[in-house]
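Chemist: quick check, what structure comes out for this input:
(chains A, B and C)
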Amino acid sequence: MNFERETLPTTPADWVVGPYHSPWISHFRAHFTLDGEIIVRAGLEGGFLHRGLEKALELHPWQSSIVYAGRVDPEAASFAEHALCLAVEKLCELEVPARAQCIRVIVDELTRVSSHLKYIARIAQATSSETMVHFALRDREKILDLFELLSGARFSLSFLRFGGVANDVTEGFIERVVEVCDLIRFRLKEYNDLFSYNQAFLARSAYVGVVEPGFARRCGLTGPNARASAIVADVRKTSPYSGYEQLDFEVPLGQGEGGAIGDAHDRYVIRLREITQSLEILRQVCDALPAGPFASAPVERDFKVPTGEAYARVESARGLLGCYAVADGSARPTRVQFRVPTGPSWQLAPMLLEGARLQDAPTILASLDLCVSELDR
Amino acid sequence: MTISIFSSVLGYFRAVYRGVRSAFSACRTTLPYLLNVRSADLRKEVTEQYPDPVSSRTPDDLPPRTRGLLFNDIGKCTGCRECEVVCPVNCITVENETGLDLGKTWVAVFDIDFSRCTFCGLCVEVCAPQSIVHTKRYESAVFGVTDLIASFGRGRVTEEQKRKWAALRQSHEEALQPGGFGP
Amino acid sequence: MSGVASGWYQLLVLPEGIPPGLVVAGAWILATVMVIFPVAAAYSYVERKLGADYQARVGPNRAGPSGMFQPIADWLKLLQKPNQALSWKEERWSALQTMATYSTAAVLPLGPLFILADTEMNVFIPFWALMVAALATLLLGMEQSSIQGWLGGSRVAAQALSGAFPATLAILCAGLAGGGFRWADMVASQGAAPWSWNVMASPFHPFGFLAFVGAGLVFSADHQRDLGGGVTSNLYGGRLALAQLGKFYVLFLWSSMATVLYLGGWSMPAFITEELSAADAWIVLFGLQAVLVLSKTVLLMFLIDWVARTNPRARVEQITELSWKFLSPLALFSLMGAAAWRALT
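Modeler: Residues are numbered from 1 along each chain as shown, chains lettered A, B, ... in the order given. Below is the predicted model:
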């Protein structure tokens, strides 16, 4: 008889999860050290989705760079495209006609709603509310159908061009946008009944993954994650672009309704409110779409960008997305670099995970809206 | 501040009440879906049952701008190679040779490698004669990766063909000479 | 076996010399295979279709008309998977778990004819068995020496312990109205109409019913998502199917016990019983009673499933807290109230 151990081992155990075979960790690897159910140490390992986007951008002409920018985050493609367009337009001093700006705003806000709906589905999946997952994705499908109507593709639109957009809106598109906005407004009530203030969801997300304002500021958090911690920061208000200065909308802040300010529930509720604000913006733009050309000039074969560097910021669904473009007068970019909003959240995640229960880990990771594809590029 | 027993008991019952009410509210939200009452449109199933054409969308139902598989009408293609240059993933291969008339291009090889194509639509946009277009087809499952290369080219010109063309050109020139048997 | 085996044993015509234990064991196996498997298959189809309905989906609709043969298709698929060989250490705990779970088939209340053994300990046998099954799961998890196994097994054990206490109290509360724990006695004390069921026997019995159903939810709540399946995370094929069947079975057992304890069991309206017994149509009568019990059970299971699917799942320590801090006082309150009611009326 061989007794290998006399008592059960109680030292903290290591557990590696991902990047596959895990329902709650997507495309990265997590290294946990668990003491029972408490996570003692957590480390996130990324890089599995690195595709060398920024290097590939240097090997192709400027016209093709839009396509790569759209792949920074394929599910919310228009933000990175917009940032790149703004940077290049700064370099070339291109004027964007008003109609094109409005179309860009429409596409951006629709993308924001779609991204937030995906976020809702993800956080519902993390807390095992199956019904909510299907409801949120069903409504996202309507927006993706709108994208297909406008640009021909559901994701990765590659619809923006330097100096405007690729094509005008199709006939009946604006009416469809208004219809979808009304539908989503109706559905938001349903979501609130079903999920947002459900006690089981509150029990899973209130006081979980609390990010204090000072901490958020030091980490450089932007976007809804920061606004949930009551930090006022929205690029559309601080440095407006593409006509946002003429639009009337609010920037919601976290108020700690479920529990503490800046917990997972706050991050969720903030995004619900942002969907409402986006619907408001869409309504304003669709009501008053100016006539005019949809692009300033078609991009020629030997489109050259004059020497210089420019940095442009947009407010993506996750936060401040910046594009830094360097040109040397040739047909190919010298360097394009994207500053992604997931970066600070990624660094914040292990700090939030340490000391949390293992069962809260899916909720925390889902509530931070980590997009690994934009992180790794 | 110490919490009195009364308020903690009250808090207990309030928590119980809220929990029960939210569970009921969630079930009540899904009740119309179960019973299919009133607005049948808003509550019906949204599953697209591919490949049944009854409920899923066939290529004909897709919007006109859908970026499906590419097709190049080689009759219109001038072999200008704009598409090859602009393609972000270098999936188009074009090789030109001289055709029957010395000024005309014979597009010998025009391959699109769909294993690389991102369906971005840039090639369609820059094509001047608009020979390359997006179809609405999206089903392209094959058994081997090399089967994904679609060839639209006319094929390489063989030596025999070159001789025939040279002979034709010569006969045309002779026909145009004064004193020949032309018009 | 006298006095223990109910009507079915006397009805059998057996050649001499067969030990009664063998007969009972054979009947046990038959009950598991002929009753539990088909009911599980049919219920899985109904659950998937109805679950899809309120999620705005279609559910299975390919295998057969409206997807009716989906359970058969799943079963055929699982049959062609290779057999998974576990280590002998895991095997012994897995066997203990399976035996403990399915031993409760002996007291599955499916009608006066179809109970394998009707004793005074009817309600407590499932308890003992499910406790043993939970312990076996815990030991199986420890044996697997993986995080999923350890934590999954501990969670199951914690849930089982916390769910047992209010469940026992709720059972006692029902027993007050039933006058005994034999299934036959329990059903005899209830009538066919909803107001004569045990759940309405006193103003306190509904709380007991709630506590019992809640305890069942606590017992069988599956929240192992973050562990990728807990104790069953490394199973595939036939073994995984058996594990899922076990989960279904626990819920089924619980619901059928709740049906008999609180919701009237198989008692049919008096005129039907009189008609059929006067006409000597025993098989029809027993068949109808079995169908009635099964339908009430399945309805209860569907309601529980509906609540589970539309609401998010709480964490495991929130579930056990629910059981200790809410269900236990509730069950205690219902028991004391029911006892006082019975004493005073």
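Chemist: what helix or strand does the residue in the stretch 151-300 of chain C that chain B sits nearest to sit in?
Modeler: Nearest residue of the stretch 151-300 of chain C to chain B (C-beta to the nearest C-beta) works out as C:Leu210 at 9.5 Å. The way it works is simple: take the backbone N, C-alpha and C, and place the C-beta from them, glycine included. Per DSSP states H and E: C:Leu210 is located in helix C:205-220.
Chemist: also C:Ala160?
Modeler: Going by DSSP H and E, C:Ala160 is in helix C:147-178.
Chemist: helices or strands up against the next helix-or-strand element following that helix?
Modeler: Moving toward the C-terminus from helix C:147-178, the next helix or strand (DSSP H and E) is helix C:183-188. If you count contacts as 3 or more C-beta pairs under 8 Å, 6 or more residues apart in numbering or on different chains; DSSP states H and E, helix C:183-188 packs onto helix C:147-178, helix C:237-262.
Chemist: in the chain, which spans are helices?
Modeler: All of this is about chain A. A:53-57, A:65-70, A:77-92, A:98-126, A:130-151, A:173-191, A:199-205, A:213-219, A:224-228, A:235-238, A:264-287, A:342-353, A:361-367, A:372-376 (DSSP state H).
Chemist: um, chain C though
Modeler: C:7-11, C:20-30, C:37-53, C:70-79, C:88-103, C:124-144, C:147-178, C:183-188, C:205-220, C:237-262, C:270-278, C:282-310, C:316-321, C:328-344.
Chemist: turn those helices into CSV, including mean neighbour count.
Modeler: Formatted as CSV, those follow (neighbours: other C-beta atoms under 10 Å in any protein chain shown):
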stretch, mean neighbour count
helix C:7-11, 14
helix C:20-30, 14
helix C:37-53, 17
helix C:70-79, 15
helix C:88-103, 17
helix C:124-144, 21
helix C:147-178, 23
helix C:183-188, 21
helix C:205-220, 24
helix C:237-262, 22
helix C:270-278, 12
helix C:282-310, 18
helix C:316-321, 18
helix C:328-344, 17
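Chemist: do the helix holding C:Ala160 and chain A meet at all?
Modeler: Yes - using C-beta under 8 Å from any C-beta of the partner chain, helix C:147-178 reaches chain A at C:147, C:150-151.
Chemist: closest to C:Tyr45 out of the residues you listed?
Modeler: C:Leu151 (32.1 Å; C-beta to C-beta).
Chemist: tell me which parts of the stretch 201-350 of chain A are close to chain C?
Modeler: So the stretch 201-350 of chain A meets chain C at A:201, A:203-204 (C-beta under 8 Å from any C-beta).
Chemist: before we move on, back to that, now the helix holding C:Ala160 against helix C:88-103, angle please.
Modeler: Counting by axes from the mean of the first three to the mean of the last three C-alpha atoms, to 10 degrees, helix C:147-178 points 20 degrees away from the direction of helix C:88-103.
Chemist: right, is helix C:147-178 up against chain B?
Modeler: No - taking C-beta under 8 Å from any C-beta as the criterion, helix C:147-178 and chain B are apart, separated by no less than 14.1 Å.
Chemist: what packs against that helix?
Modeler: So helix C:147-178, by 3+ C-beta pairs under 8 Å, 6+ apart, packs with strand A:13-17, helix C:124-144, helix C:183-188, helix C:205-220, helix C:237-262, helix C:316-321, helix C:328-344.
Chemist: where among those is average confidence lowest?
Modeler: For the helices and strands packed on helix C:147-178, mean pLDDT drops lowest on helix C:183-188, to a mean of 80.
Chemist: quick check: longest helix of chain B.
Modeler: Longest helix in chain B, counting by DSSP H: helix B:5-35.
Chemist: A:Gly308 contacts A:Ala327, doesn't it?
Modeler: Yes - counting by C-beta atoms under 8 Å, A:Gly308 does reach A:Ala327; the two are 6.0 Å apart.
Chemist: who has more neighbours, these two?
Modeler: A:Ala327 (23 against 14; other C-beta atoms under 10 Å in any protein chain shown).
Chemist: roughly how far does A:Cys102 sit from chain B?
Modeler: 19 Å (C-beta to the nearest C-beta, to the nearest Å).
Chemist: thinking again about what came up before, near chain A at all, the longest helix of chain B?
Modeler: Yes - counting by C-beta under 8 Å from any C-beta, chain A has neighbours in helix B:5-35: B:15, B:18-19, B:22-23, B:25-26, B:28-30.
Chemist: who wins for most neighbours among those residues?
Modeler: Neighbour-wise, the residues of helix B:5-35 next to chain A (other C-beta under 10 Å) top out at B:Ala26, 25 neighbours.
Chemist: could you find the closest non-adjacent residue to that one?
Modeler: C:Thr310 (4.4 Å; C-beta to C-beta, 6 or more residues apart in numbering or on different chains).
Chemist: tell me which helix or strand of chain C sits lowest on mean pLDDT?
Modeler: helix C:7-11 (a mean of 62; mean pLDDT, DSSP states H and E).
Chemist: now swap in chain B and tell me
Modeler: None of the helices or strands of chain B scores lower by mean pLDDT, DSSP H and E than helix B:40-43, at a mean of 66.
Chemist: now the element after it, going C-ward?
Modeler: strand B:70-72.
Chemist: residues contacting B:Val86?
Modeler: A:61, A:63-64, B:122-123, B:126 (C-beta atoms under 8 Å, 6 or more residues apart in numbering or on different chains).
Chemist: among those, which pair sits farthest apart?
Modeler: Farthest pair in those, by C-beta to C-beta: A:Pro61 and B:Cys123, 12.7 Å.
Chemist: ok, the residue nearest in space to the middle of chain C - contacts?
Modeler: Nearest to the geometric centre of chain C sits C:Leu253, at 1.0 Å (C-alpha atoms, centre = their mean). Residues counted as contacts of C:Leu253 (C-beta under 8 Å, 6+ apart) are C:104, C:108, C:126.
Chemist: ok, now how distant is it from C:Ser220?
Modeler: 9 Å (C-beta to C-beta, to the nearest Å).
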